[in-house]
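In: Using only what follows, build the 3D model:
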Amino acid sequence: MAHFTNISLPARLLLCLLLLVPQSLFAGETSSTPNTRAFPVTLQPAEAQYRVVVNGIPVGLNATIRLTRLDQGYQLHFKVENRLFRHEERARFHWHDCTATPQHYRHASAGFGIRREGEIHFDWDNRQANGSKADYPLLDGTLDALSVAMVARCNMARADDSFTYQVAEPDGMAHYKYRSLGEDTVETPAGEWHASGLERDYPERGRQSQFWAAQELDYFMIRMDHRENPFIRGRIELTDFRYLPDGT
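Out: Predicted structure coming up:
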C-alpha cells in the first residue's frame, strides 16, 4: 500500500476497506440442518443500501448493491461513493440451478489522487478469459468477483461447511476460500436479522473478512466486516432493502 502514503490517515483507512471489496463480496463437503431455507430457482431483483464504518466511525459513504434481470441473464451492480471517492463494479452473468456463468465484469475506482480499473470479457466458446491485464484459459465453473456472491447464497442456503471458488480477475485466476460461521442474530441499522455467516481465508496473516446474510432476504448480504491489520478495521452494514419489479 505504499502508493497511499501521501494521503491522510482516514483516507488510507477508507481505501484499504474499499479497494478490497472486489475481492471480498462473498465468495466441498455439504451438510444440511433443519433450519436451512431452500434457495429460489430464479434470482429476485433487489436493491440493498449500506453505510460504511471505518474503525468504528461512520465515514459518510453510502454503498449500493443492485441486482436486476436482463433480456438474457442478470446484472449485479455494486457502487460506493461520496464527493471524494467512487468505486463501482458491474457483472453480467447467466443463471441456472444455482450456477452462474459470467459474461462480463468491470471495476473502477477513483479518488484521493488514485485511479484503478479493470475488466474481463468471458469467451466461453473458446474457453478464454480476455482480461484488461492478461488473457488466460477459462476453467469449468469459473466465476467473477461479483457473481461469486450469488453462488455463495446457494451454498449458504444448503448450510455447506466450506466453499472454494475459481474466480477470474483482470490479471489472472484466483482462488477464493470460505468457511461457514454458522447462524447468529445480527443487528444492522435496517433491523435485526437471523443470519448465516461466512469467513474468507486469506494467505496473509492477520487479514480477515466476515460476511453475514439474512435468511429472510434469501441470503442477501446484510453486513461485511474486514480487518486488514490490527490498526485497520472496516464494516459495511445494511440500512435499507427492497425487492424490485422485473425489468427495473
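
In: alpha carbons only for contacts and neighbour counts from here, please
Out: OK.

In: Please work out the average pLDDT along the top strand by length along the chain.
Out: Looking across the chain with DSSP state E, the single longest strand is strand 172-188. Across strand 172-188, pLDDT averages out at 94.

In: now A159: how far from S196?
Out: Applying C-alpha to C-alpha, to the nearest Å, the value for A159 to S196 is 8 Å.

In: joint contacts of those two?
Out: Common neighbours of A159 and S196, using C-alpha atoms under 8 Å, 6 or more residues apart in numbering, are S180, G182.

In: residues of the longest strand of the chain that come out buried?
Out: Burial within strand 172-188, assessed by neighbour count using 16 or more other C-alpha atoms under 10 Å, is assigned to G172, M173, A174, Y176, K177, Y178, R179, S180, L181, E183, V186, T188.

In: Could I get the pLDDT score of G111?
Out: So G111 comes in at 87 (pLDDT).

In: Which strand residues bridge it?
Out: Counting by DSSP bridges, G111 forms beta bridges with F85, I114.

In: low-confidence ranges in the chain?
Out: Counting by pLDDT under 70, the chain shows low-confidence ranges at 1-38, 247-248.

In: the strands in the protein, which residues?
Out: Counting by DSSP E, the chain has these strands, from start to end: 46-54, 57-69, 74-81, 85-96, 99-111, 114-123, 128-131, 135-137, 162-169, 172-188, 191-201, 208-214, 220-229, 232-243.

In: Of all those, which one is nearest A149?
Out: A149 lies closest to strand 220-229 among those, at 8.7 Å (C-alpha to C-alpha).

In: and the closest one, C-alpha only, in CSV?
Out: The C-alpha coordinates for strand 220-229 follow below in CSV (Å, rounded to 0.1, in the frame of the first residue of the first chain):
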residue,chain,number,x,y,z
PHE,A,220,-28.7,-11.3,0.6
MET,A,221,-25.7,-9.7,2.4
ILE,A,222,-26.6,-7.5,5.4
ARG,A,223,-23.1,-6.9,6.8
MET,A,224,-19.4,-7.3,6.0
ASP,A,225,-16.6,-6.9,8.4
HIS,A,226,-13.0,-6.6,7.2
ARG,A,227,-9.7,-6.5,9.2
GLU,A,228,-6.7,-5.5,7.1
ASN,A,229,-4.3,-5.5,10.1
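
In: Okay, now the sheet partners of it, with direction.
Out: strand 208-214 (antiparallel), strand 232-243 (antiparallel).

In: Distance to R51 and mean neighbour count added to the ones you listed, as CSV?
Out: Shown next, in CSV, are those (distance: least, C-alpha to C-alpha, whole Å; neighbours: other C-alpha atoms under 10 Å):
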stretch, distance to R51, mean neighbour count
strand 208-214, 15, 23
strand 232-243, 5, 19
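
In: Nearest to H94, out of the ones you listed?
Out: strand 232-243 (19.7 Å).

In: and that closest one with strand 191-201, angle?
Out: 130 degrees (axes from the mean of the first three to the mean of the last three C-alpha atoms, to 10 degrees).

In: circling back to that earlier point, go through the strands paired with strand 220-229 and name the closest to I65.
Out: strand 232-243 (9.6 Å).

In: Tabulate the strands paired with strand 220-229 (JSON lines), appending distance to M221.
Out: Converted to JSON lines, the strands paired with strand 220-229 look like this (distance: least, C-alpha to C-alpha, whole Å):
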{"stretch": "strand 208-214", "distance to M221": "4"}
{"stretch": "strand 232-243", "distance to M221": "8"}
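
In: Compare those strands and report which one is nearest to R127.
Out: Nearest to R127, of these and by C-alpha to C-alpha, is strand 208-214 at 31.1 Å.

In: Touching the closest one from outside, list them.
Out: 24-26, 186, 193-202, 219-228.
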